[in-house]
Each structure stands twice: as structure tokens, then as C-alpha cells.
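Visitor: make a model of this:
(one chain, ligands or ions: 1)
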Amino acid sequence: MCGIVGYIGKKPAFPILLSGLKRLEYRGYDSFGFFVLNKNKPFLFKKVGKISEFEQNFPNPDGEIGIAHTRWGTTGKISEANAHPHYDCQQNIFLVHNGIIENYQEIKERLIKEGHKFLSETDTEVICHLIEKYFERNLEEAVRKALREVRGTYGIAVISKKDPQKIVVARLSSPIILGINKDEFLVASDPAAIITHTRQVINLDDNEIAVLKPDGFFILKEKPLETIEWKIEEAEKGGYPHFMLKEIIEEPEVIENAIRGRLIIEEGSVKLGGLDSVSAQLREMDKLVLVACGTAHYAAMVGEYMLEEYAGLPCEVDIASEFRYRKPVVDEKTAAIFVSQSGETADTLAALREMKKKGILTIGITNVVGSTQSRETDAGVYTRSGPEIAVASTKAFLGQLATLAMLTIYLGRQSEMSLVTGKRIIEELAKLQELAREVLKKAPEIEKLAKKYRNFKNFWFIGRKYNFPIALEGALKLKEISYLHAEGIAGGELKHGPLALIDENFPTIAICPSDSVYEKMISNIQEIKAREGPVIAIATQGNEEIKKIVDDVIYIPKTLEMLTPLLSIIPLHLFAYYMAVLLGNDVDKPRNLAKVITVE
Ligand code: F6R
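Guide: All right, here's what the predicted structure looks like:
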């Protein structure tokens, strides 16, 4: 998500920081900033927008120590004040941060009482003030004490004017590497930022603090030097050949980010701060409408099953481009929920504005902070999936599903959901990132399957209940990037027409975890096999029986039925990806499509 670069050595730091930040641009960002320490005049420069918009007029400050950052906003709007580096009251500590500080509100309130003045809305700024509080003479000592108080994740690089000849670096669950050269040291969140300067790196581990000085560096523990083998183009995609693969691999992390700090296990409930202002109003609602386009629409469909089953709320899901032209029956007891990765999709925004005109409560489930949707809805929840660069949406879908699951708990616990049920869903939700990692280990198997099925021209995807929308999403992904004909249908619909197409040349991907509709799915698979259609099943780990009836099986771990879509979609994203690669397509930029659809 955000990007960090730092330099300390004998060369002017600014050009090195600038080229490093530019190499991180691929990650997406909304603002950026630099701090360069120069004895006579420390230099701080922060801007909203892209580096290229300002490059002509960049100053060229002196100074051989500096840190820089590209920000993708999660806490606080997109503004210069919220851009990094952040600093303390005395303008002594300058810091860049990746990650989320979960307990920043409570720390901030405490520090304000102690007299600290905050200039931004970010969680990051509390770290600066905590370091300020503990700073005596030695920066690393103050950083160590400050970090003891924070909960969450961080990769940080810190400079102090009063302890000037060093950069202090620390990490917890947010990547940080140190670049080691003769007489100079770099720090970065991502190898792409430093690979043109050095390939000798040290990967900092969780809870480690490193101190970089012009004449050497030390970490609390001895670490081996490693060599990066990646090509520059690979480095910019995090080492993956395509953004799409990188983003699929990030799916477990997306689940983790979506739920971080939001689950209250002991209360069987969730904290969704973005809904606080409307929580009383939401309690009065007796109907929800969920509106979205494409992949986000399929996430909304999964949400419908979740919300109806566990929150007991009647739901209606519609495609934004249809909804805006219908005459939907809504009243003051209806809340409209808009799901969008970009928050800029024209049809979704138009539907949102229609609802606002009618005085309906509007809620956004959005990835991009500060997007039009997030500004125009009455309240909302950010999915925190990070920038999605590949045109075909993958990881954002997981963020939407995890957020809809939390919304279900939030609304359910306001009405009929018991504490036990709330806890049960939360416990499963908390395990999901690990289970998703298990599914990703099947990537080589799925690649083999793609090789086996690459010459087929048509595919059915079938599923029921929670996995019916997953059949739709699996088919959309395949057609979008492989240009093959693929259709998703509800298993029960097969015999109402589609079965006519089945023969040995028309394979079906059947999503059939061991859940309440498993037996029905098996009947569907048998209908297909009776007509010699090849079947690939997505089944639950341990189901050996299914091997006897289908041609191929990809196993996913067991979880709650309502959460299976977060696992069953992963093999389908991988299958579409490998098929497109094998067919030689431009995976990240499929023909005729754009990432954000800002026209009707
Ligand atoms: C499919 C895809 C699109 C988007 C749709 C909505 O892979 O990317 O179907 O899901 O255009 O976009 P957002 O979520 O930005 O509103």
C-alpha cells in the first residue's frame, strides 16, 4: 500500500529518495512527502497528487539524510496535513509509517491531555508524539519505548534533528528492508525502491529496530546479508510477473487488513467506526438494498445471503445500471448500501444520487479513501484492500466480502443475532486469513489444471446459495482475461435450459463445499456427468468421495458456510489467471476494458 524510502550516506539524499518513490508509484498513492536533514535548513515537502505534477518545480535541498513516503489514505482524508512525513510538537522527530495503529485514538486522547498538539487526522502522528515524549538524547531508545505502547502494524523510518546522524527503522507485520552499500544505507518498504542502488539487503524481522548511520548500521540481532535476484520490472510488481497474480497472492492479507482492530470477540460484535454516526438510524431499518456493478455486485449478492440469514433483514440486490432506471420501492426504513472498489463507478454513483434525492440513508462499502462514493454516502466502511492495479478485480472482492460479513454481525447484533452466533462468526472470520493462505498453496495444482483445460472454449460455473455468486464471479474473471466463453449459473437452473449445452467439450466448474446444499450440488454434477461433461469440483478438504464422480478436485479448508465464498473464490481467481497467461493475453490490461468505469 503506502511506500517508504530512506537514505543515509555521502551523496545528496533527495534525488535518491525521489527515484525510489517513483519506483513505488506502481503501488498507487494519493499524496507524498519528503524530509531531508540539512544542518542549516531541514527540508520538509508534502503534496497531494502525483509526483509528476510537481517534478518540474521540485526544490533540490542539500543534505545526506532523508526519508520519503507515498501515502494511500486509510485513516484521515487525503490532504497535505495527512501526508507523511509527520512530526512532533517541537519539530524534532520526523517519521514515515506504513501500517495501522489500532489504538491510536486512546493514545491521542491521552497525549492531548498531556499537552501535545496534533496537526493531522492520521494514526501515524501518535507515534511521533510518543517518541517526542520519551526522547532524551538517544533516538533509538525513544523509538523503542514509544513502540511498546502501540498496537497494530508498522514499518517506520525516523529521523531526529537533535540526534541527527542516523535513521532509526522498525517493523511489525509491515515489510521493511535495509539496503547495504559501501558508505551508504537505504531503507525501503519494497525492494523496487532501492534495487538500482544495491542488491545487498537485510530483511528486518518483526519487533526489530535498526539504526543506520553514515559509517555503519546495527540491529539488535545479527542478520545475514541476502541478494535480490529480481529484475527491475519484477520488483515493481512485488516480484510477480503480473499485478493480477500479486493481488491474488495478497488476498489473505486483504482479509487481515479488513478485519484488523474491528472484531470484538468477547462481545461477539464488531466495531465499524464509519457507521457510528448512523448506528441509531440503522437500528430502525427494516429493509436493505445493495447496489453495485460487476464483481462488486457479486460481492453484494453474497452479502444478501449473509444479511438475510444472520441479520434477519430483507435485502434486495441490484446492478446499479438497472437500479437507477427502476422505480424501486423504498421508504424511510430502507437503507441503501453501495459497494465499489474505486468509489468512482458512474452507474453506482448515479444510483446513490437517486437514493439521496429520495432521502434514503446511504452507506458506502468502498476501497478508495476520499473517493466520490465515500464522500457522498451518509456513512460507510472502508475495505482497506490497498491499491488494485490489475483491471480485473480480485483482492478487492475479498475485502468487500469480509466487510459484508462484518456488517452482517454489526446489524445482526443490533437485532436478533445471539452472542454465541456473533462470537462463532467472529472466531471463524479471524481464522480465515490463515485458511486463505492454505488455498494459495494450491497454485501449482491450479496451474496444472489450467494446462489441462486450456483448449476448451466454453465453461459453466455452477454453485448454490452462498456460492452461486462465486460461480458468477469465477465466470466473469475467466471471460474477462482469457476471452473464453464462460457463464455462471445457479446449480438448480441447470435443468431449466443450460444442460442442453453439456457434452464432452463443455467443462463445468462446480463449487460444492460440504455445506447445506452439498447434496443438491452432487445431483447437479451427476446430471452433467451423465452427459459426459468434464467437471472440476471445488470441494471441502477431506471429501474423498467426490473424487469418484468428478474429473478433478481442488480442495479448500472447512469454514462456516457463510464464509466459504472467501475461500472458494481464490482457486477461481487463480484458474482465470493461469488460463489467460497460457493463452498469451495481456492479463493486467484485458482488451476493451478499463479499471474505473466513469461513464454510463
Ligand atoms: C471485474 C471488474 C469490474 C468491477 C466493476 C465495478 O473484474 O473489475 O466488474 O468490479 O466495474 O467497479 P467498482 O468496484 O470500482 O465500482
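Visitor: C-alpha from now on. contacts and neighbour counts both.
Guide: Will do.
Visitor: OK, contacts around Val168?
Guide: Contact analysis of Val168 by CA atoms under 8 Å, 6 or more residues apart in numbering lists 139-140, 143, 156-159, 209-212.
Visitor: now intersect those with the helices, please.
Guide: 139-140, 143 (DSSP state H).
Visitor: which ones among those residues also lie next to the ligand?
Guide: By CA under 6 Å from any ligand atom, no member of those lies near the ligand.
Visitor: and of the residues you listed, the nearest to the ligand?
Guide: Val143 (38.9 Å; CA to the nearest ligand atom).
Visitor: just give the nearest non-adjacent residue to that closest one, would you?
Guide: Ile131 (5.5 Å; CA to CA, 6 or more residues apart in numbering).
Visitor: I'd guessed that neighbour sits against Ile93; true?
Guide: Yes: judged on CA atoms under 8 Å, Ile131 makes contact with Ile93 at a distance of 7.4 Å.
Visitor: how near is Ala335 to the ligand?
Guide: Between Ala335 and the ligand the computed distance is 19 Å (CA to the nearest ligand atom, to the nearest Å).
Visitor: in contact with Gln414, which residues are there?
Guide: Gln414 neighbours (CA under 8 Å, 6+ apart): Arg283.
Visitor: using JSON lines, lay out the ones in helices among the contacts of Val168 together with pLDDT, neighbour count and distance to Val5.
Guide: Formatted as JSON lines, those follow (pLDDT from 0 to 100; neighbours: other CA atoms under 10 Å; distance: CA to CA, whole Å):
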{"residue": "Leu139", "pLDDT": "96", "neighbour count": "24", "distance to Val5": "19"}
{"residue": "Glu140", "pLDDT": "95", "neighbour count": "23", "distance to Val5": "18"}
{"residue": "Val143", "pLDDT": "96", "neighbour count": "23", "distance to Val5": "18"}
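Visitor: in the stretch 1-150 of the chain, where is pLDDT below threshold?
Guide: For the stretch 1-150 of the chain, the stretches with pLDDT under 70 are 1.
Visitor: would you pull up the residue in it closest to the ligand?
Guide: Gly28 (14.7 Å).
Visitor: right, and that residue touches Val368 too?
Guide: No: assessed by CA under 8 Å, Gly28 is found out of contact with Val368, at 10.6 Å.
Visitor: quick one: common contacting residues for the two?
Guide: Pro387.
Visitor: comparing those two, which residue is more hemmed in?
Guide: Val368 (25 against 18; other CA atoms under 10 Å).
Visitor: Ala450 versus that one, what's the distance?
Guide: Val368 is 33 Å from Ala450, where distance means CA to CA, to the nearest Å.
Visitor: how about Asp331?
Guide: 48 Å.
Visitor: would you state the strands of the stretch 101-250 of the chain in chain order?
Guide: Along the stretch 101-250 of the chain, counting by DSSP state E, counting those that start in this stretch, strands occupy 154-160, 167-172, 177-181, 184-188, 200-203, 209-213, 216-219, 226-227.
Visitor: in JSON lines: those strands, plus distance to the ligand and mean pLDDT.
Guide: Below are the strands of the stretch 101-250 of the chain laid out as JSON lines (distance: least, CA to the nearest ligand atom, whole Å; pLDDT from 0 to 100):
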{"stretch": "strand 154-160", "distance to the ligand": "28", "mean pLDDT": "96"}
{"stretch": "strand 167-172", "distance to the ligand": "30", "mean pLDDT": "95"}
{"stretch": "strand 177-181", "distance to the ligand": "32", "mean pLDDT": "94"}
{"stretch": "strand 184-188", "distance to the ligand": "29", "mean pLDDT": "96"}
{"stretch": "strand 200-203", "distance to the ligand": "34", "mean pLDDT": "90"}
{"stretch": "strand 209-213", "distance to the ligand": "38", "mean pLDDT": "95"}
{"stretch": "strand 216-219", "distance to the ligand": "42", "mean pLDDT": "91"}
{"stretch": "strand 226-227", "distance to the ligand": "36", "mean pLDDT": "70"}
